[in-house]
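Asker: predicted coordinates and the sequence they were generated for:
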Amino acid sequence: MKNGWRRWVRTVNLSLIKLMPTLLFLAFSHRAIAEDPGSCFMITSSGRRIGLGTLCATKKIPSHNNNNQVFRVPIKRRLGRTPVIDVTFNDKKTFEMIVDTGAHGTLITSGMASTLKLQATGMMQAQIADGTQVQFPTGKVMSMAAGGVVANNLEVAIAPKAGIGLLGHDFFGNYDIKILEKEVEFHTR
């Protein structure tokens with residue numbers, strides 16, 4: 001009985017260690033509060049609203065590519081309340097990834113990098129949710145696509161212990177995102 005209990009505790013501990021980088025990234029994404037009351041502001045972690053009117057442009061800059069297109073991507077499942085969607089790399093391989101609105105860049109697992117035959121080309125330092133600075137090897141992907149949204153020549157972080165990839169602002173930063181019950185919408189700006 002004791003050996004069975006110890007095996008179970010060891011299995012749970014190893015699973016938690018493997019999921020820790022993903023959980024830390026997920027924890028950070030839930031701190032953001034996104035609203036559009038018609039002004040330029042930010043909300044601190046304590047909930048205080050700070051106006052940023054002097055930093056924001058008062059006139060909207062016209063975009064030559066703005067044709068008000070909306071790209072819809074089905075949500076396959078959720079981790080916590082965070083959507084997971086399919087993302088296709090280099091027009092060939094499709095992987096599930098978390099839409100991480102709190103991540104600056106995209107992070108892929110070592111398994112994804114191996115499948116894509118991605119070679120590490122550099123190192124990236126990142127701050128994770130608890131404030132710790134960590135380093136990840138990086139590699140370049142030719143393209144990433146989801147529901148018609150395409151990003152080319154992206155440098156992605158490779159997380160050796162992550163269980164699932166994180167789709168960051170380097171992919172969807174030129175879109176306004178709307179997370180619905182069954183899909184994620186990417187609205188052109």
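Answerer: Thanks, I have the structure now. If you're wondering where the values come from, they're calculated on a predicted model, not measured in any experiment.
Asker: contacting residues around the top strand by length along the chain?
Answerer: With DSSP state E applied, the strand covering the greatest number of residues in the chain is identified as strand 133-146. Outside strand 133-146, the residues within contact range by C-beta atoms under 8 Å, 6 or more residues apart in numbering are 71, 73, 85-91, 106-107, 113, 116, 118-128, 150-159, 167, 171, 186. Bear in mind the C-beta positions are built from the backbone N, C-alpha and C, glycine included.
Asker: what pairs with that strand, parallel or antiparallel?
Answerer: When sheet partners are counted by DSSP bridges, strand 133-146 sits next to strand 82-89 (antiparallel), strand 122-127 (antiparallel), strand 149-159 (antiparallel).
Asker: in the chain, which spans are helices?
Answerer: With DSSP state H applied, the chain shows helices at 2-29, 110-115, 169-172, listed in chain order.
Asker: for this structure, name the helix or strand with the lowest mean pLDDT.
Answerer: helix 2-29 (a mean of 56; mean pLDDT, DSSP states H and E).
Asker: enumerate every residue touching residue 126.
Answerer: Contacts for residue 126 were tallied using C-beta under 8 Å, 6+ apart; they are 104-105, 133-136, 157.
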